[in-house]
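No sequence on hand, only this structure:
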């Protein structure tokens, strides 16, 4: 059950990250003159409400299962609840800044080469 919970959490986090990165890619095509940081900010702003709405729906369902479900699934639901909260945070507030850092490192590396 624990492995199932971890895999479910990872897939949820990866899916949200892909949505943000895809929005960045689309914005690069539409706004080629915009800076990379502005594109990332725009993408995160556009996808934030979607991510929060999806996560809140899942969190409400998991809380109901935690309170009303049987004892056999309580730890599974608790793992999913913690993972959903951390996955939502990581895909929005960790993945995008890492992309900015990665872009800065790439620019620095190209300048020194």
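All right, it came through fine. Values in this document were obtained by computation on a predicted structure and should not be read as measured data.

How far off centre is the strand or helix carrying residue 89?
Using DSSP states H and E, the element containing residue 89 is helix 74-93. Its chain's average C-alpha position is 11 Å from that of helix 74-93, according to C-alpha atoms, centre = their mean, to the nearest Å.

Identify the residues contacting the helix or strand that that helix is followed by?
Beyond helix 74-93 on the C-terminal side, the first helix or strand identified by DSSP H and E is helix 95-112. By C-beta atoms under 8 Å, 6 or more residues apart in numbering, the residues outside helix 95-112 that reach it are 17, 20-21, 24, 36-37, 40, 43-44. C-beta coordinates here come from the backbone N, C-alpha and C atoms, glycine included.

contacting residues for residue 58?
Contacts of residue 58 (C-beta under 8 Å, 6+ apart): 12, 84.

Tell me how far it lies from residue 49.
Using C-beta to C-beta, to the nearest Å, residue 58 is found at 15 Å from residue 49.

Report the spatially nearest residue to the residue nearest to the spatial centre of the chain, omitting neighbours in sequence.
With distances taken as C-alpha atoms, centre = their mean, the residue of the chain nearest its centroid is residue 91 (2.0 Å). Distances taken as C-beta to C-beta, 6 or more residues apart in numbering place residue 16 nearest to residue 91, at 3.5 Å, with adjacent residues excluded.

ditto for residue 28
residue 39 (6.0 Å).

Tell me, please, where in this protein the pLDDT is lower than the cut-off.
For the chain, applying pLDDT under 70 flags no range at all.

Show me the longest helix that occurs in it.
helix 36-68 (DSSP state H).

how deep is residue 105 tucked in, by neighbour count?
10 (other C-beta atoms under 10 Å).
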